[in-house]
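Undergrad: give me a model of this one.
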Amino acid sequence: MKAKKWLALILAGLMTCSVIGFTACDSGDSGSNNNTQQGGNEQDDSQGGNTNPVEEKVNVTVSYEASQGTVTLDPAPTDGKIKKNTSVTVTVTAGEGYEIDKVEINGSKVNLTDGKCTFTASADTTVSVTFKAGKLPDAWHNQELWLTKDPLVPTSRVRQPSTSQAASRSTDVAVHDPSIFQDPKDNKYYAFGTHFATASSSDLITWKQESVDGAWQKLYGTESTYAGSNTWPKAIESTLKVVNPDSSINSTWAPDVEYINGKYYMYYSVTKAFGSNESAIGRVESDNVLGPYSNNVVIIDSMGANRNSEPNCIDPELFYDKDGKLWMVYGSFMGGVYIKELYTEGEKVGLPKEEEGWGTLLWKNGYSAGVEGPYVFYNASTEYYYLMVSEDDLNTRYNMRVARSKNPDGPYEDITGADVASAGKGNKIAGNYKIGTGNGYGAMGHNSVIKDKAGRYFVVYHARREDRNSEKGVTVGHKLFVSQLYFNEEGWPVMSPNAYCGERAGTVEESSVVGDYDLLLHSVANDVNFVAAEAYSFTADHKVLKGAEEVGTWELKQGYYITVTVSGAAYSGVVVPGWDMYGNKNSAFSVTAVSDEGRSLWAVHKSA
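TA: Below you'll find the predicted structure:
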């Protein structure tokens, strides 16, 4: 909250409002500003033979919060004073995101008509105006969903996925760098990705491939242009002219679709070459979620930018904060991840408020040369903003990380309390791993997050598979994955070890926790090696065993939160339902947790 600034405004006379001697204005909104100014009465002075009477003036103090609106007086006082018995009009105007709450004159509430009230003061008078948070912009079509405070501990009965649900999960849909969007018109989910790939789903389980890599005509229509010897959609020609991509680049990267005031806007990026920091973010619009998109606008570009100290303008993502302000996060490696505020209404809706400058740095580097694919979302229950990124080589060591903040524009801190704009590394949500006997999962990342009407959070990401015959150890192909995202007792997000198949979290008995597990301790740093799960047991007397050796303890709280201690390190997490997609192929409870150094623990129950 910005500090109040005080304006001393002096008004005179008898108030004509209906309460305590005032003449009431017509009923209307009432509100106020906390600026305070005071002036003193002047005394008549007839000394020295002066026979002309001194004009009598009185004080009026006006108090209001200047950051929330304005209060003006007509006529305006001079040096904090105004002639006694002057008729004065008070005009109150609420600022963006606020509305008038209450107007008081000498402690009594008065009403406004069209934001105004007129009075005449015969003595010193105090006008006090207060504002309150107003209706958020109409542009935010799903604000109620994101601002609902759901119970931190689930109140519904736990539900495991069925065999038929698990069998319907899509495993062959490919969307690289998937950005999830739910269309308010048909309520379907759409994933938009790099290389023009798209997919749709009605339940986040079964997906339909709407367009494959390279099929830009699905989104942009058939009209084409050329850049770098490649064919491109003509709709983004102005962005191509700014960047002039070389022949190695033949698609847009990391699009993000938003629905604002009845229009679909797609934000996307184009880069000059792979590894280049010379890029641009553009925006196109459509009346339909899958296009065709047109009316291109270049939002921001990094042509000629410094590789080390300035951002690479790719990977845009938009979000609203809890007060209805609209923001765009962007950036990849190079100078880091940045944030800029956008207009929420008018002709410039969705465009940067400050045309110049990069905005505010949020995340710089990590364990490697950099991070990318930023995604920010707000959890009204924990009252934190979460910034997720992907770090390191997208072909091998790619992994998902998270930091959080009380403010949309940071600073964001990891679990150690370090600011990720400088020294922080972020909590590692997931990296290369292997559970069971099949090939492991790797290069996971460039995720987005969505919340459903049941209050569940889902992380949508791409993943590759372990390739033991490849020099890199990871397959070239990537597939679309969806997993539930939970929050531990300290409000840190932890991800289900299994892909989503329709499960719903709830409270469980301790007997559901007891049993044998495939337990995995993710690495803290980046690692191309696939960390393998090992056999552990959770006993009825709260011990954790590795074989016959006692290596730790476990404790269940409120039938949901769990603390697991392994080899002296404590992991705080939750017990969740799911479908074991690794070996047993059945419903199973799992544990997902994080340590105070940011290491994730996953444990998948070996039996139903």
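
Undergrad: can you tell me the element Leu219 falls in?
TA: helix 217-220 (DSSP states H and E).

Undergrad: dump whichever helix or strand comes after that helix to PDB, keeping only the CA atoms.
TA: Moving toward the C-terminus from helix 217-220, the first helix or strand encountered (DSSP H and E) is strand 224-227. Presented in PDB, the C-alpha positions along strand 224-227 are these (Å, rounded to 0.1, in the frame of the first residue of the first chain):
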ATOM      1  CA  SER A 224       1.800 -17.100 -47.200                       C
ATOM      2  CA  THR A 225       5.000 -15.100 -47.300                       C
ATOM      3  CA  TYR A 226       8.700 -16.000 -47.300                       C
ATOM      4  CA  ALA A 227      11.500 -15.400 -44.800                       C
END
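
Undergrad: please identify the buried residues of strand 224-227?
TA: Along strand 224-227, these residues count as buried under the neighbour rule (16 or more other CB atoms under 10 Å): Ala227. (Each C-beta comes from the backbone N, C-alpha and C, glycine too.)

Undergrad: the helix or strand just after it packs against which elements?
TA: Next in sequence after strand 224-227, counting helices and strands by DSSP H and E, comes strand 230-233. In terms of contacts (3 or more CB pairs under 8 Å, 6 or more residues apart in numbering; DSSP states H and E), strand 230-233 is packed against helix 217-220, strand 224-227.

Undergrad: go through strand 230-233 and flag the buried ones.
TA: Buried residues in strand 230-233, counted by 16+ other CB under 10 Å: Asn230, Trp232, Pro233.

Undergrad: what pairs with it, parallel or antiparallel?
TA: Neighbouring strands of strand 230-233 in its sheet, by DSSP bridges, are strand 224-227 (antiparallel).

Undergrad: other residues contacting the strand it pairs with?
TA: Contacts with strand 224-227, where a contact means CB atoms under 8 Å, 6 or more residues apart in numbering, come from Thr231, Trp232, Pro233, Lys234, Glu237, Leu240, Asn244, Pro245.

Undergrad: swap the cut-off to 6 Å and go again
TA: Contacts of strand 224-227 with the rest of the structure, by CB atoms under 6 Å, 6 or more residues apart in numbering, involve Thr231, Trp232, Lys234, Glu237, Leu240, Pro245.

Undergrad: show me where pLDDT drops low in the protein?
TA: With pLDDT under 70 as the threshold, the chain has low-confidence stretches at 1-53, 96-97, 134-139, 366, 368-369, 471, 607-608.

Undergrad: how far does stretch 478-494 sit from the chain's center?
TA: Centroid displacement of stretch 478-494 relative to its chain, using CA atoms, centre = their mean, to the nearest Å, is 15 Å.

Undergrad: got the buried residues for it?
TA: Counting neighbours by 16+ other CB under 10 Å, one finds that the buried residues in stretch 478-494 are 478-489, 492-494.

Undergrad: in these, find the pair that's most separated.
TA: His478 and Glu489 (33.7 Å; CB to CB).

Undergrad: quick check: end-to-end length of stretch 465-481?
TA: Taking CA to CA, to the nearest Å, stretch 465-481 runs 12 Å from one end to the other.

Undergrad: may I see the buried residues of that stretch?
TA: By 16+ other CB under 10 Å, the buried positions in stretch 465-481 come out as Arg465, Glu466, Asp467, Gly473, Val474, Thr475, His478, Lys479, Leu480, Phe481.

Undergrad: same deal with stretch 150-161?
TA: Those buried within stretch 150-161 under the rule 16+ other CB under 10 Å are Pro154, Val158, Gln160, Pro161.

Undergrad: any idea how far Tyr320 is from the residue nearest the centre of the chain?
TA: By CA atoms, centre = their mean, the chain has its centre lying nearest to Phe377, at 2.4 Å. In this structure, Phe377 and Tyr320 are separated by 10 Å, where distance is defined by CB to CB, to the nearest Å.

Undergrad: ditto for Ser108
TA: Using CB to CB, Ser108 is found at 38 Å from Tyr320.

Undergrad: neighbour-wise, which of the two wins?
TA: Relative neighbour count places Tyr320 above the other of Ser108 and Tyr320, with 25 against 14, counting by other CB atoms under 10 Å.

Undergrad: which residues does Pro178 contact?
TA: Ala191, Gly193, Val460, His462, Leu480.

Undergrad: thinking again about what came up before, can you list the buried residues in the helix holding Leu219?
TA: Neighbour-count burial for helix 217-220, with 16+ other CB under 10 Å as criterion, is recorded at Leu219, Tyr220.

Undergrad: going forward, count from 27.
TA: In the new numbering, first residue 27, that becomes helix 243-246.

Undergrad: what does that helix rub up against?
TA: Contacting residues not belonging to helix 243-246 are listed as Ser237, Pro259, Ala261, Gly317, Pro318, Tyr319 [CB under 6 Å, 6+ apart].

Undergrad: hang on, isn't the first one packed against Thr224?
TA: Yes - under the contact definition of CB atoms under 6 Å, Ser237 touches Thr224, with a separation of 4.7 Å.

Undergrad: comparing those two, which shows the higher neighbour count?
TA: Thr224 (26 against 20).

Undergrad: separation between the more buried one and Lys460?
TA: Separation of Thr224 from Lys460 (CB to CB) stands at 30 Å.
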